[in-house]
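[1] Got a predicted model here, sequence first, then my questions.
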Amino acid sequence: MRIALFGTGGMAQALGAHWSRHSLAVSGRDPGRATALARELGASALPWASAAEWADVVLLGLPVSALSVVTGLPLAGKVLIDCTNTPGDSDSLPPGTPVATRLAAAAPGALVVKAFNLAPVETWRMTPPLFEGRPLAVPLCGAPAAVDVVSELVRDVGCTPLPAGGLDRAALLEATAAFAIGLWRAGFDTRAAFVSG
């Protein structure tokens with residue numbers, strides 16, 4: 001599989017390291033950082049448009065405020081993984097519309113899948129990512145064919161894919177992340193709020 005990592009931050013670095021059996025490319029707003037991350041991952045550094053055209057899958061590892069980079073790129077038919085969260089990064093965006101929905105509008109024809117947004121980057125650096133000794137389950141919202149593709153990448157990370165419905169349900173994942181992150185930043189242990197019987 002050909003995977004383009006859009007962004008040079010923690011999520012691109014952590015998930016890209018798990019996907020080393022695939023062909024990787026890195027694109028970033030800072031070409032020097034993109035080159036450095038590409039070297040670290042054994043990938044190629046490519047401009048946005050070239051990476052989008054080359055890739056089967058694009059991981060959007062950018063701040064929400066930078067989502068406009070996808071506008072006009074050749075992403076139709078490509079799987080576009082949205083791992084973004086809005087807490088602390090959404091001041092310039094109108095409220096109400098989920099990020100995944102905005103991303104789908106900005107990249108017409110792309111197969112957007114919301115995934116990897118419910119755990120901090122430190123979790124994705126683990127091999128495999130565990131929670132209290134158990135492999136993580138990763139909820140995925142998007143079209144079934146695209147969710148199948150991302151499910152393979154979830155398994156590559158060492159986690160269990162959890163298909164959770166269409167892209168219309170991405171708003172629930174985003175709201176869950178916002179709720180949990182807000183409590184965590186206030187000093188609360190959010191695990192106690194999500195205990196199942």
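    Now that the structure is in, tell me what you want to look at. Numbering: from 1, shown residues only.

[2] For Leu118, see how far away the residue lying closest to Thr160 once chain neighbours are set aside is.
    Distances taken as Cβ to Cβ, 6 or more residues apart in numbering place Ala137 nearest to Thr160, at 4.5 Å, with adjacent residues excluded. For every residue, glycine as well, the C-beta is placed using N, CA and C. From Ala137 across to Leu118, the span is 9 Å (Cβ to Cβ, to the nearest Å).

[3] For the two, work out which one has more neighbours and name it.
    Between Ala137 and Leu118, Leu118 has the larger neighbour count (other Cβ atoms under 10 Å), namely 19 against 14.

[4] show me what contacts the residue nearest the centre of the chain?
    Of all residues in the chain, the one closest to the mean position by Cα atoms, centre = their mean is Cys83, 2.5 Å from it. Cys83 makes contacts with Met11, Leu15, Leu59, Leu60, Gly61, Lys114, Ala115, Phe116, Asn117, as judged by Cβ atoms under 8 Å, 6 or more residues apart in numbering.

[5] Sort out for me which of these are in helices.
    Assigned to helices by DSSP state H, the following of the contacts of Cys83 qualify: Met11, Leu15.

[6] what ranges do the helices span in the chain?
    Under the criterion DSSP H, the chain contains helices at 10-18, 31-41, 48-54, 99-106, 121-124, 144-157, 170-185.

[7] Run through who's touching the third one.
    Taking Cβ under 8 Å, 6+ apart as the criterion, the residues outside helix 48-54 that touch it are 2, 4, 6, 25-27, 46, 58, 69-70, 73-75, 78.

[8] sorry, back to before: find the nearest non-adjacent residue to the residue nearest to the centre of the chain, please.
    Phe116 (4.0 Å).

[9] list the contacts for that neighbour?
    Met11, Leu15, Ile81, Cys83, Trp124, Val138.

[10] now Leu24
    Ile3, Ala4, Leu5, Gly16, Ala38, Leu41, Gly42, Ala43, Ser44.

[11] Looking at the residues you listed, which one is closest to Pro163?
    Ile3 (20.0 Å; Cβ to Cβ).

[12] That closest one and Leu60 touch, don't they?
    No. In terms of Cβ atoms under 8 Å, Ile3 does not count as a neighbour of Leu60; the distance is 11.7 Å.

[13] pLDDT weak spots in this protein?
    Along the chain, segments meeting pLDDT under 70 span 87-96, 191-197.

[14] mind redoing it with 80?
    86-97, 132, 178-185, 189-197 (pLDDT under 80).

[15] Identify the spatial nearest neighbour of Gly10, chain neighbours not counted.
    Distances taken as Cβ to Cβ, 6+ apart place Val121 nearest to Gly10, at 3.7 Å, with adjacent residues excluded.

[16] OK, contacts around the one you found?
    Contacts of Val121 (Cβ under 8 Å, 6+ apart): Gly9, Gly10, Met11, Ala14.

[17] mind running it again at 6 Å?
    When contacts are counted by Cβ atoms under 6 Å, 6 or more residues apart in numbering, Val121 touches Gly10, Met11, Ala14.
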